[in-house]
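Participant: Got a sequence here, can you model it:
(chains A, B, C, D, E and F)
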There are 4 protein chains.
Amino acid sequence: MSVGLFYFYFKNKEDLLENLYDEITSMILGAIERGASSGDLGSMEKGCNVVVTIFVFFQTRRELAKVMLIEAVGLNPRFEQKRIEGLKKLLIGTEQNLEAFQKSGHINVPDVKVAAMAIHGATYQIIMNWLYEETPVNLTDLAYPLAQVS
Amino acid sequence: MSVGLFYFYFKNKEDLLENLYDEITSMILGAIERGASSGDLGSMEKGCNVVVTIFVFFQTRRELAKVMLIEAVGLNPRFEQKRIEGLKKLLIGTEQNLEAFQKSGHINVPDVKVAAMAIHGATYQIIMNWLYEETPVNLTDLAYPLAQVS
Amino acid sequence: MSVGLFYFYFKNKEDLLENLYDEITSMILGAIERGASSGDLGSMEKGCNVVVTIFVFFQTRRELAKVMLIEAVGLNPRFEQKRIEGLKKLLIGTEQNLEAFQKSGHINVPDVKVAAMAIHGATYQIIMNWLYEETPVNLTDLAYPLAQVS
Amino acid sequence: MSVGLFYFYFKNKEDLLENLYDEITSMILGAIERGASSGDLGSMEKGCNVVVTIFVFFQTRRELAKVMLIEAVGLNPRFEQKRIEGLKKLLIGTEQNLEAFQKSGHINVPDVKVAAMAIHGATYQIIMNWLYEETPVNLTDLAYPLAQVS
DNA sequence: GATGAATGAGGCTTCATTCAT
DNA sequence: TATGAATGAAGCCTCATTCAT
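Facilitator: Next up, the predicted model:
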């Protein structure tokens, strides 16, 4: 796409990234919410499902993920705020899931907030490492070992 | 500090960050290594110690941490490589600790690498959240809940 | 020409000057070499031809000459070296011409190198003076009187 | 000398250079004038004397010459004007000498101005070459060959 | 007189954005 | 729609000069 055409379709660089970011965030958020409400599964299975869904999402979108998770970081204050807010939403989503699990007695953690951060951070880290690998392994292969850690 | 004075003390912007980064990385690396070799403690205690040491380190250096963990991200290709390499070293340190724990039968995880990423990511995430908080809680208060998750 | 456009066409300031300088130097060098090999002319005529060619070259390029001979001096070490090397080449060209004249018995000077410097310096000086004149005379009109001095 | 002390003795960088330049110019100008009025010598001898005097002056001041003839070129418009004016004075001095020689029938050139430029340029060039040499020859050794060219 | 840390205007360059075609 | 040359604000850095000691 030529430079000029880009500015025909998007207001500016931020605009494109914001659109993409909103889309991605809501997709992942959807996965998290669906994870919590998937009927008769145990908490462990639900949690795993969420992570697997996220991994599957990125698995087929490595270049997009690189842009959104690496290149889009620290771009400018305005977008940075949007990025942080997106991450917060995901964190809250994870937290709500954990709370439900906690209430139903499936898990028992001293601090749901901290647990959500830990799970979120662990997932994020595994994706980041996968993005930096020269010859990336199958991201979804990492879901089971990750689940076993928790 | 005036523009000129900065360049009197540092070769360029990168120079400052690289110096700081090297220092911080080796400090944290030291904590990780000391964690593994702290005598007669159990693995759990050792692991906790590492995390607590890291948290204590950042607790008293919030502004520095903001610069190194937020503002220094995506600065330029040269420094970005240094940053990634630093993170890799920390990851490897964690991995080596876990391997020792695994061998001594204290823990049992299917993939030490993934476990290291998870712990590293969880720790990183908690620090990041703490950095973004308006009125930060005591970072070290989060160490125990974090330990309980694992 | 806007700031940005300059860097669209040239890598940097040096790049423009280097390109121009190479071009000009090789043009003048060509004139010097052609001067020596212009068939059945006597040495005096050949020498005159060289100077006239150089003068004609600059006559129609006064502004360019101002940039290259005045503004480009002492710009920066890298370009300065290029400038000096260019001048050396011209000097060597003149020297080779004189050597040929000397061998063929047309001239008789105690030191060809010094003679080359003298001719080169005299020519250079006349061009410089012409560049600094408010209402410049015809540069080529100075070729004959210059030839008579030698 | 420390930076601060420099600005105690001189108003600014220009000030030092201007003072030096005035001094050098008047010294050389003196040599040129004395050359013309040195009693009962022939024109050739007088001319030679002038050049030799100039050469002797620089011979023992190579570093100073480097500063004034190389580094001081193109420094800034204000000093550049002073530099050009200095060179013009020298040129006029040479011209006056030549005019006297011409009147007394010792030389016969079609254009005294051009002749002055040629001599001035030749002398300048030889000094410049000497300044750029790694292992400089004796500058005064070049006076005789130079004289023979004319 | 003497020092060298501190200052900031100005230079070179980049890059997101605009505009003429 | 589509192009890519043109723009200029903003970033990094240098260096002549000043100032506190």
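
Participant: distance of A:Ala116 from chain D?
Facilitator: Between A:Ala116 and chain D the distance, using CB to the nearest CB, to the nearest Å, works out to 58 Å. For glycine as for every other residue, the C-beta is placed from the backbone atoms N, C-alpha and C.

Participant: so after the helix or strand that residue falls within, what's the next helix or strand?
Facilitator: A:Ala116 is part of helix A:112-132, with elements assigned from DSSP states H and E. Next helix or strand after helix A:112-132 toward the C-terminus (DSSP H and E): helix A:143-149.

Participant: Which strands or helices does that next one pack on?
Facilitator: Counting by 3 or more CB pairs under 8 Å, 6 or more residues apart in numbering or on different chains; DSSP states H and E, the packing neighbours recorded for helix A:143-149 are helix A:43-59, helix A:112-132, helix B:112-132.

Participant: ok, now with 6 Å
Facilitator: The elements that helix A:143-149 packs onto, with contact taken as 3 or more CB pairs under 6 Å, 6 or more residues apart in numbering or on different chains; DSSP states H and E, are helix A:43-59, helix B:112-132.

Participant: least reliable of these going by mean pLDDT?
Facilitator: With a mean of 85, helix A:43-59 has the lowest mean pLDDT of these.

Participant: Give the buried residues for that helix.
Facilitator: Applying a neighbour-count criterion of 16 or more other CB atoms under 10 Å in any protein chain shown, one finds A:43, A:46-55, A:57-59 buried in helix A:43-59.

Participant: can you check stretch A:64-75 too?
Facilitator: Taking 16+ other CB under 10 Å as the neighbour-count basis, stretch A:64-75 is seen to contain the buried residues A:Ala65, A:Met68, A:Leu69, A:Ala72.

Participant: out of these, who's nearest chain C?
Facilitator: For chain C, the closest of the buried residues of stretch A:64-75 turns out to be A:Ala72, at 25.2 Å, with distances computed as CB to the nearest CB.

Participant: Next up, phi/psi of the closest one, please.
Facilitator: The main-chain torsion angles of A:Ala72 are listed as degrees, to the nearest 10 and equal phi -80, psi 0.

Participant: and the closest residue to it other than its chain neighbours, how many neighbours does it have?
Facilitator: When the adjacent residues along the chain are set aside, A:Ala72 lies closest to A:Leu17, with 5.6 Å between them (CB to CB, 6 or more residues apart in numbering or on different chains). For A:Leu17, the number of neighbouring residues by other CB atoms under 10 Å in any protein chain shown comes to 20.

Participant: The one 4 residues further on too?
Facilitator: A count of neighbours around A:Tyr21, defined by other CB under 10 Å, yields 19.

Participant: Repeat that for the one 3 residues further on.
Facilitator: As a burial measure, A:Ile24 scores 18 neighbours (other CB under 10 Å).

Participant: Let's see which of the buried residues of stretch A:64-75 end up in helices.
Facilitator: When the buried residues of stretch A:64-75 are checked against helices using DSSP state H, the ones located there are A:Ala65.

Participant: Nearest to chain B among the buried residues of stretch A:64-75?
Facilitator: Comparing the buried residues of stretch A:64-75 against chain B with CB to the nearest CB picks out A:Ala72 as the nearest, at 8.3 Å.

Participant: Distance of the closest one relative to D:Glu33?
Facilitator: When distance is defined by CB to CB, to the nearest Å, A:Ala72 is 75 Å away from D:Glu33.

Participant: possible to save the helices and strands packed on helix A:143-149 as CSV with distance to DNA strand F?
Facilitator: Converted to CSV, the helices and strands packed on helix A:143-149 look like this (distance: least, CB to the nearest atom of the strand, whole Å):
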stretch, distance to DNA strand F
helix A:43-59, 28
helix B:112-132, 21
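
Participant: Dump the ones you listed to CSV, plus distance to C:Ile107.
Facilitator: Shown next, in CSV, are those (distance: least, CB to CB, whole Å):
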stretch, distance to C:Ile107
helix A:43-59, 82
helix B:112-132, 82
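
Participant: now A:Ala115: how far from A:Lys89?
Facilitator: Applying CB to CB, the value for A:Ala115 to A:Lys89 is 17 Å.

Participant: whoops, I mixed them up, A:Ile54
Facilitator: Using CB to CB, A:Ile54 is found at 14 Å from A:Lys89.

Participant: likewise A:Ser43?
Facilitator: For A:Ser43, the distance to A:Lys89 (CB to CB) stands at 21 Å.

Participant: quick one: is the longest helix along chain A near DNA strand F?
Facilitator: Counting residues, the longest helix in chain A under DSSP H turns out to be helix A:77-103. No. For helix A:77-103, no contact with DNA strand F is found by CB under 7 Å from any atom of the strand; the gap never falls below 10.4 Å.

Participant: which strands and helices sit next to that helix?
Facilitator: Against helix A:77-103 (3+ CB pairs under 6 Å, 6+ apart) you get helix A:13-36, helix A:112-132.

Participant: Nothing else from me, thank you.
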